[in-house]
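[1] A predicted structure for the sequence below; I have some questions about it.
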Amino acid sequence: MEYEIIQIRKIEGACGICEEYSEKNSTTPPKIAILSCEGACSRGEVSRRAANLIAHKLATEETVRICLGGAFTKNTGQRNLVRRAEKCLAIEGCFVSCATRMMQGVLPDWNPEVILADSLYDESLPFGIDEVSDEKFHEYARQVAEKVIVEYIRK
Ligand code: SF4
């Protein structure tokens, strides 16, 4: 296995609303942690929307939405949610699996269920989110979210 070595500059302080959300959702037993690629392209947009749908609308009791940037760059509440979760789902926009690989950089033993969202809908989407309608994003995100809930959350 080859690795890229990076250094992340530390900063003082933390994002208040992120910490408040983390605290509120740091339940016992822990909720299922939902991460996504958060990507800029249309495939990342589908995975991001699917992750939000799951954690904020369709499975709110069982899941908590993780801020990938926060959990990756800061050793505070969001990373703790990932660390203490018994089950984590990484909904990736594509095979690059950035959410999974980023988090494994800071939590080397982290072993999420990795879901490639673009394998759960029948279209090869372009990069630009301006080339895909909002309705289509919503439809594909819903498809991904419902499949993830059936196969990974409520099975
Ligand atoms: S190309 Fe892949 S990694 Fe980049 S934003 Fe799109 S889905 Fe995410």
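    Sure, I can see it. Model, not experiment: these values are computed from the prediction. Numbering: from 1, shown residues only.
[2] Contact residues of this structure facing the ligand?
    37, 39-41, 43-44, 93-94, 96, 98 (C-beta under 6 Å from any ligand atom). Where you see a C-beta, it was placed from the backbone N, CA and C, and this is true even at glycine.
[3] Inside helices: which ones of those?
    The members of the residues of the chain next to the ligand that map onto helices under DSSP state H are 43-44, 98.
[4] Where neighbours are concerned, which of those residues has the most?
    residue 43 (26 neighbours; other C-beta atoms under 10 Å).
[5] what's the neighbour count on the residue nearest to it when sequence neighbours are not counted?
    Among residues not flanking residue 43 along the chain, residue 93 sits closest, at 4.0 Å (C-beta to C-beta, 6 or more residues apart in numbering). The number of residues packed near residue 93 is 26, by other C-beta under 10 Å.
[6] With the one 4 residues further on instead?
    Burial of residue 97, expressed as a neighbour count using other C-beta under 10 Å, amounts to 17.
[7] if we can go back for a sec, want to throw the ones in helices among the residues of the chain next to the ligand into TSV with pLDDT?
    Compiled in TSV, those are given as follows (pLDDT from 0 to 100):
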residue	pLDDT
43	98
44	98
98	96
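[8] Distance to residue 141 added to these, as CSV?
    Formatted as CSV, these follow (distance: C-beta to C-beta, whole Å):
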residue, distance to residue 141
43, 11
44, 11
98, 18
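[9] of all the residues you listed, which comes closest to residue 146?
    residue 43 (17.8 Å; C-beta to C-beta).
[10] ok, now which ones touch the closest one?
    Applying C-beta atoms under 8 Å, 6 or more residues apart in numbering, we find residue 43 in contact with 37, 93-94, 117-118, 125.
[11] where do the strands sit along the protein?
    32-36, 63-65, 88-92, 113-116 (DSSP state E).
[12] Quick check: neighbours of the second one in the sheet, parallel or antiparallel?
    Using DSSP bridges, the strands paired with strand 63-65 are strand 32-36 (parallel).
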